[in-house]
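Participant: Predicted model and sequence below, questions to follow.
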Amino acid sequence: MQENYWDYVQSILCLIWNFLNSNFITALAGAFFGAIAAYYIAKKHQQAVNLREEIRNINAAITLTFSVFISSLSLKEQQIKPMMDGYKETSKQYEEYMMKLSNGQKVSFAGTADMSEVAMPLFPTETISEIIYGKIAAPTRVAAMYSALNHATNSIKELFERRHQIIYEWKSNKNITEKEKLEVYLGLVQENRTVDERYSNIMDEISKSLDDCIFYSFTIAKDLNEYGCKLAEMYGKNTSIVVGVKLPDELVDKDLMPDEDNYRGWFDGFKNNENSTQNKSIWDRLKFWSS
């Protein structure tokens, strides 16, 4: 009885073994593992395609942001800096004039209000926004800096409009004197004992907003370049080349770049967050790309 039982077991095992070694099972196993291999190959290929697309979009964002940087520098060098220098010089001359008057000297003041109009450059901020928020997995600091950059460009546009409105008031009022223009221009006490500081405040705000625009656009371009280079390093030699970012040599000695220390406190707010997520963020993005 026991021998018959073991013969039965052996026959069952033999049938199972023959079944597992049959052409059907071999083909089925091959198809199964082949499908898995094909899946991972396709997934890896799609990640590579997405990675190259990410770098192309990063390059577009770098190019556009750097164009904002160059336009802002040109605006500062060619129009705003000369305007601010002239404004400060006129203000200084007026202070010296008033000091001489207080000392009993008979002097006159020949300063005049600057009524030159400034053309606002066209900044491609909307296109940059579409890329940063919709086409790349931008680092947190880049997204935050774009918000600051967009605010700065909008502020410049509004400030130019407000300045032009004051100039329009001067030009359209035939009865206004040069003395009255100068009082508004420098924010001086007028004959009715009031002070109109609109123009002087606008000048200060234009200078600060333009420095913000210069600093944030350049820093965004640098951060995107660093991010793109890390992605390129991950993918290897066949990836796209990341656009480089460098301060033009001819601008280094022109004292146009704002002081980075003025923005130190702003960056400190992102330091811990970036340090804690920087190493794993790229891998998280790979999960995003493959989903």
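Facilitator: It's in. Numbers count the residues shown, from 1 in each chain.
Participant: What ranges does the stretch 101-250 of the chain have for its helices?
Facilitator: With DSSP state H, counting those that start in this stretch as the criterion, the stretch 101-250 of the chain has helices at 125-134, 140-172, 178-186, 198-235, 249-252.
Participant: With respect to Gly111, which of the ones you listed lies nearest?
Facilitator: Smallest distance to Gly111 across the helices of the stretch 101-250 of the chain (C-beta to C-beta): 6.4 Å, for helix 178-186. Using the backbone N, CA and C atoms, a C-beta is placed for each residue, glycine as well.
Participant: quick one on the thing from earlier: now render the helices of the stretch 101-250 of the chain as a markdown table, adding distance to Val107.
Facilitator: As requested, the helices of the stretch 101-250 of the chain are arranged in a markdown table below (distance: least, C-beta to C-beta, whole Å):
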| stretch | distance to Val107 |
| --- | --- |
| helix 125-134 | 48 |
| helix 140-172 | 25 |
| helix 178-186 | 15 |
| helix 198-235 | 23 |
| helix 249-252 | 40 |
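Participant: worst average pLDDT in these?
Facilitator: Lowest mean pLDDT within the helices of the stretch 101-250 of the chain: helix 249-252, at a mean of 62.
Participant: quick revisit: wait, which of the helices of the stretch 101-250 of the chain is closest to Arg264?
Facilitator: helix 198-235 (11.5 Å).
Participant: now for the closest one, which elements pack on it?
Facilitator: helix 23-75, helix 81-102, helix 140-172, helix 178-186, helix 264-290 (3 or more C-beta pairs under 8 Å, 6 or more residues apart in numbering; DSSP states H and E).
Participant: Go again with 10 Å.
Facilitator: Under the contact criterion of 3 or more C-beta pairs under 10 Å, 6 or more residues apart in numbering; DSSP states H and E, helix 198-235 touches helix 23-75, helix 81-102, helix 125-134, helix 140-172, helix 178-186, helix 264-290.
Participant: Distance from the chain centre to it, please.
Facilitator: 5 Å (C-alpha atoms, centre = their mean, to the nearest Å).
Participant: got the buried residues for that helix?
Facilitator: By neighbour count on 16 or more other C-beta atoms under 10 Å, the buried set for helix 198-235 is 199-200, 202-203, 205-225, 227-228, 231-232.
Participant: What of stretch 81-101?
Facilitator: Neighbour-count burial for stretch 81-101 [16+ other C-beta under 10 Å]: Lys81, Met83, Met84, Tyr87, Thr90, Ser91, Tyr94, Tyr97.
Participant: Looking at these, which is nearest Glu180?
Facilitator: Tyr94 (14.3 Å).
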